[in-house]
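Trainee: please work out how this folds:
(chains A and B)
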Amino acid sequence: MKAKEFALKLGLTEEEFDRIQNGLGREPNETELGMFSVMWSEHCSYKNTRKELRKFPTTGPAVLVKAGEENAGVVDAGDGLALAFKIESHNHPSAVEPFQGAATGVGGILRDIFTMGARPVAFMDSLRFGRPDAPGEAGKRTRSLIHGVVAGISHYGNCVGVPTVGGELVFDPAYEGNPLVNVFCLGTLRHDQIRRGAAKGVGNPVFYVGAKTGRDGLAGAAFASRDLTEESKADRPAVQVGDPFVGKLLFEACLELYARPDLVVGVQDMGAAGLTCSTCETASRGGSGIEIELRKVPQRETGMTPFETLLSESQERMLIIVRKGRERELKEIFARWGLDAAEIGTVTDTGRVVVMEGGKVVADLPARMLADDAPVYERAAMTPAKLAEKQKYDLGKILPAQPRVKEDLLKLARSPATGSRRWVWNQYDHMVGLRTVVRPGSDAAVLRVEKPGGGWVRVAMTLDGNGRWCAQDPREGSKALVAEACRNLACAGAVPLGLTDNLNYGNPHDPELFWQLREGVEGMAEACRAFDLPVTGGNVSLYNQSPSGPIHPTPVVGVVGKVDEGVKLAPAVFSTGGGEVVLLGTTASGGLGASLYLQEVHGVIAGKLAAVDLVSEKKLHAVTRMVLAQPGVRAVHDVGEGGILWALAEMTFGEGSAGGEFRVPCGKERPEEALFGEGAGRILVELDETSMPTVENLAKEGGVELTHLGRTGGKDLQVTVHGAEMIWPVAELRDGFEKSLPKALGP
Amino acid sequence: MRFAVVQFPGSNCDQDCVHALRGLGQEARLVWHHETRLDPDEGVILPGGFSYGDYLRCGAIARFSPMMQSVKAAAERGQVVVGICNGFQILCEAGLLPGALTRNEGLHFRCEPSHLRVESPASRFTSGYGTGQMLRIPIAHGEGCYRAEPKVLEELEARQQILFRYCDAEGRVTAEANPNGSSHSIAGIRNQAGNVLGMMPHPERACEPEMGGLDGRGILLGAAGIGRSA
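Mentor: Down below sits the predicted model:
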């Protein structure tokens, strides 16, 4: 049973091996087993999560390409303009080789977008690490990971000339052994430019274009579908090496190629599972077959076996099928860009992927079986035994008898958890392309995008995740983060068009961890339905655990929207003073469950987030968009982590921003709850006094509560709660905010 | 005036330069690095980016491209040549400007608004500004630390070839306001003849209010021969 042993070594299970053998009616050879091992990995097949993913709403009037159909989803932005976007993880590669791991993550998502026919116009990144200020080796390792990952993203993104316009950077001990690196890319195209990854037309030539194939990234997809262990360092060869220069040439060449009428039949990038994935997926989608000759594949190393060539994840490669007789046009374009373009095979009608080496067949498999017939597992889910205990907490035991809000806010301001992310985004070119209207550091990034007929559309986007919320209550936490993402877009006056998700979870074979995933998916799905928001695709990353345990369950969502035409964008920071500040939405703080405040100030993660009222939330977003269309709006910012007090503090951190005097509503709760609670459904707006009647009226008509908090002015942040008045010099808070991250990370 | 914006493989601010020039009422065309033809009356822009992947050294390979031979000849004939960011690096490598650009002192890539002080309005590129005028123009580079022999720096100073220096928001030229460690806080210089400008900041990113300001317009208009009109 040598073949079976080899299959197990590749990570296939005994049942999967039997399924393959029965399906083929013969024993597969080693090359074929290699192909199955990557195509049937979680990374490529979603075999553990497919059942759950079906719970997402995926249709809607704006959806042009649905989730799962192609490399990335595409939505309609009106006027003939379409937006392609997707998020993808590179967690495991970044854990063992942070610079290249992150860089190739960027390169990979870039290819997913231009494969669709779109010009990539923006990146965002969601990054999670352990605490950089942790003592000893752990902190040192975390700092080096952060430096490596940020440098890798900067290296790739800057060089390809696509701005990195936003994202998040989160620290929590839960990610110490298993950092999360999720990268998002947005591209723009005309409706008629959408490309499909299908191999059609018997006899059409199959081209390999881009960089040469080497032994790097061998079976990376399978590597990503295992737990990280001490031995994972030995998997370094499974991490690919990226060349952004070639990446840039490749997408310019491809876009030039697509512009030729009727030339390109199908396109697929070679990402995870490389040549194997691109051939069997295009053949499966096209209902056709593909025959390729490995000797024709440009190689940069000698003596590569078929197994290695087929499983290599060398970067910056694409598979392109063109119309027969027009091969020369493709060759000319790629020669001009100095890239390899080799005709490696043809489209057939056999339904099979046939791989030859020197004319000898080395693999012959049904395309559909490889691409689509991976087993679908129903994983067991079980409510974690300790959940109820985790959700219970006694504030009386955590908080001091006498509130120490003044010290608390200073502590929060000096924490790397809340500090300005300028250190990160200054390393990313966030302006190249002349589209970035709202730069990093706001609630949502906004780009201006050329309409096909001329003029601009403003597109807003945000990435949000919150592992702490989800660890304490995966369902409500996931709902809350979708609500938060949409709220961020509302602060930019945008209507959400589509959502892409990256599901970062632990080992799916552990029922308690799988329960987190199922709850998370159901929570997100419920929120998406409430906001009429289709899920247009994404990525699943499981096995995120190290010897020290699993990560927090961490779904990350990227939401893209269109800014309403009449909206005047307002900054997230106060004016120089003299404005009225109101709270739109509920006055309920939501309490301190699962709050950043408890984690940062008191060192505990406890309780759970208050349930999100999705109906009120939606009304709030609609009213906010209308408010932004009125004259006299000076600033707008949502209340999120750190609660209303931190949101007010952040609004004073702008260049030239004033402080202000505010009264925060507080019921019977502790002042800490009123000030630092992270309940959803709240947006702060600063506006001219003269605009107040209009805004009050809009809120009333829209069914949204409006509460006057105070006025901006002066150099202090002054807050009254329960009759107690507290004052902080803005300069002192801002100093902590600006310096905490560089200080924690070192040079 | 018409400009030829040179596209090297890896250039990524080429389209931005074309957009900015056209927005200012100038003509602009893209020329591929393999081409050699430049019209005798057009200006040349070497845009930012990572030409040839910046392998070896920034700009080191670009200078051997066919188009750069034409650019050299055009510069010698007195045609206007502007190198921005990577373009400045190429001009130094090609010997059209003295000195070299090395890794930022802080080692990180930096993309942020920078304050510049106009050192001398006595050039075609700065004639729209006053001496000591403050400009806010973004930088975006990892290798923008200007270095030259002491003698070269002395000459640049004496001949007023230093057009822009990094400064703080109050216009003071200080070490803290120098984002990359450049000698003499140099952000941009011209050649002796006055027709070649190299600068690290991106004027094309400061030509529209929506993009964060208009301070870059004077430089591009100056290149086009349109000085202070009022």
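Trainee: switch to C-alpha atoms for all contacts and neighbour counts from now on
Mentor: Noted.
Trainee: tell me which stretches of chain B form strands.
Mentor: B:2-7, B:27-32, B:43-46, B:81-84, B:100-102, B:110-118, B:134-141, B:145-147, B:162-167, B:186-190, B:196-199 (DSSP state E).
Trainee: need those in a markdown table (columns: mean neighbour count, mean pLDDT and distance to A:Lys715).
Mentor: As requested, these are exported to a markdown table (neighbours: other C-alpha atoms under 10 Å in any protein chain shown; pLDDT from 0 to 100; distance: least, C-alpha to C-alpha, whole Å):
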| stretch | mean neighbour count | mean pLDDT | distance to A:Lys715 |
| --- | --- | --- | --- |
| strand B:2-7 | 23 | 96 | 48 |
| strand B:27-32 | 18 | 96 | 48 |
| strand B:43-46 | 27 | 97 | 45 |
| strand B:81-84 | 26 | 98 | 40 |
| strand B:100-102 | 21 | 94 | 41 |
| strand B:110-118 | 24 | 96 | 25 |
| strand B:134-141 | 24 | 96 | 25 |
| strand B:145-147 | 22 | 96 | 37 |
| strand B:162-167 | 27 | 97 | 26 |
| strand B:186-190 | 26 | 98 | 34 |
| strand B:196-199 | 27 | 98 | 38 |
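Trainee: out of those, which is closest to chain A?
Mentor: Relative to chain A, the nearest member of the strands of chain B by C-alpha to the nearest C-alpha is strand B:110-118, separated by 4.8 Å.
Trainee: quick one, that closest one and strand B:162-167 angle?
Mentor: For the pair strand B:110-118 and strand B:162-167, the angle between their directions (axes from the mean of the first three to the mean of the last three C-alpha atoms, to 10 degrees) equals 120 degrees.
Trainee: show me what strand B:110-118 is packed up against.
Mentor: Counting contacts by 3 or more C-alpha pairs under 8 Å, 6 or more residues apart in numbering or on different chains; DSSP states H and E, strand B:110-118 is packed against strand B:134-141, strand B:162-167.
Trainee: quick revisit: what would the strands of chain B look like in JSON lines with distance to A:Pro205?
Mentor: Shown next, in JSON lines, are those (distance: least, C-alpha to C-alpha, whole Å):
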{"stretch": "strand B:2-7", "distance to A:Pro205": "31"}
{"stretch": "strand B:27-32", "distance to A:Pro205": "29"}
{"stretch": "strand B:43-46", "distance to A:Pro205": "39"}
{"stretch": "strand B:81-84", "distance to A:Pro205": "42"}
{"stretch": "strand B:100-102", "distance to A:Pro205": "46"}
{"stretch": "strand B:110-118", "distance to A:Pro205": "44"}
{"stretch": "strand B:134-141", "distance to A:Pro205": "42"}
{"stretch": "strand B:145-147", "distance to A:Pro205": "49"}
{"stretch": "strand B:162-167", "distance to A:Pro205": "55"}
{"stretch": "strand B:186-190", "distance to A:Pro205": "51"}
{"stretch": "strand B:196-199", "distance to A:Pro205": "47"}
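Trainee: show me the one of those strands that comes nearest A:Asp735.
Mentor: strand B:110-118 (18.9 Å; C-alpha to C-alpha).
Trainee: how far does that closest one sit from the chain's center?
Mentor: From the chain centre to the centre of strand B:110-118 is a distance of 13 Å (C-alpha atoms, centre = their mean, to the nearest Å).
Trainee: run through who's touching it.
Mentor: Applying C-alpha atoms under 8 Å, 6 or more residues apart in numbering or on different chains, the contact partners of strand B:110-118 are A:425-430, B:126, B:129-142, B:163-169, B:171, B:179, B:187, B:201.
Trainee: give the pairing partners of that strand; include direction for each.
Mentor: Within its sheet, strand B:110-118 is paired with strand B:134-141 (antiparallel), strand B:162-167 (antiparallel), according to DSSP bridges.
Trainee: looking at these, which is nearest to A:Gly679?
Mentor: The minimum distance between A:Gly679 and the strands paired with strand B:110-118 falls on strand B:134-141, with 38.0 Å, by C-alpha to C-alpha.
Trainee: just the CA atoms of that closest one, as PDB, please.
Mentor: Extracted C-alpha coordinates of strand B:134-141, given in PDB (Å, rounded to 0.1, in the frame of the first residue of the first chain):
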ATOM      1  CA  MET B 134       6.700  77.200   2.300                       C
ATOM      2  CA  LEU B 135       5.200  74.400   0.300                       C
ATOM      3  CA  ARG B 136       3.400  71.300   1.400                       C
ATOM      4  CA  ILE B 137       4.100  68.400  -1.000                       C
ATOM      5  CA  PRO B 138       4.100  64.700  -0.300                       C
ATOM      6  CA  ILE B 139       7.100  62.500  -0.300                       C
ATOM      7  CA  ALA B 140       7.000  58.700  -0.900                       C
ATOM      8  CA  HIS B 141      10.400  57.000  -1.000                       C
END
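Trainee: which outside residues touch that strand?
Mentor: Under the criterion C-alpha under 8 Å, 6+ apart, residues A:429, B:85, B:109-118, B:171, B:200-203, B:205-206, B:213, B:215-216 lie in contact with strand B:134-141.
Trainee: phi and psi next, for the nearest residue to A:Glu686 once chain neighbours are set aside.
Mentor: Distance criterion C-alpha to C-alpha, 6 or more residues apart in numbering or on different chains; nearest residue to A:Glu686, sequence neighbours excluded, is A:Val581 at 4.4 Å. Note on A:Val581: backbone dihedrals following degrees, to the nearest 10 are phi -120, psi 130.
Trainee: quick one: residues in contact with stretch A:249-265.
Mentor: Outside of stretch A:249-265, the residues within contact range by C-alpha under 8 Å, 6+ apart are A:111, A:114, A:117-119, A:193, A:196, A:198-200, A:210, A:316-317, A:320-323, A:326, A:330, A:333-334, A:337, A:339, B:9-10.
Trainee: which of these fall in strands?
Mentor: Short answer: the contacts of stretch A:249-265 in strands (DSSP E) are A:Arg119, A:Gly210, A:Arg317, A:Ile320, A:Ile321, A:Val322.
Trainee: near chain B, anything from the helix or strand hosting A:Ile109?
Mentor: Secondary-structure assignment from DSSP states H and E places A:Ile109 in helix A:98-115. No: residues of helix A:98-115 are not located near chain B by C-alpha under 8 Å from any C-alpha of the partner chain, the shortest gap being 13.7 Å.
Trainee: how much space is there between A:Lys86 and chain B?
Mentor: Shown here: A:Lys86 relative to chain B, a distance of 23 Å by C-alpha to the nearest C-alpha, to the nearest Å.
Trainee: next SSE after the helix or strand harbouring that residue?
Mentor: When secondary structure is defined by DSSP H and E, A:Lys86 falls within strand A:81-89. Toward the C-terminal end, the helix or strand that comes next after strand A:81-89 (DSSP H and E) is helix A:91-96.
Trainee: pull the distance from that following helix to the chain's centre.
Mentor: So, by C-alpha atoms, centre = their mean, the centroid of helix A:91-96 is 16 Å from its chain's centroid.
Trainee: alpha carbons only: can I get it in CSV?
Mentor: What follows is helix A:91-96, C-alpha atoms only, in CSV (Å, rounded to 0.1, in the frame of the first residue of the first chain):
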residue,chain,number,x,y,z
ASN,A,91,-1.1,33.8,8.1
HIS,A,92,1.1,30.8,8.2
PRO,A,93,3.6,32.0,5.6
SER,A,94,3.9,35.3,7.6
ALA,A,95,4.5,33.4,10.8
VAL,A,96,7.5,31.6,9.6
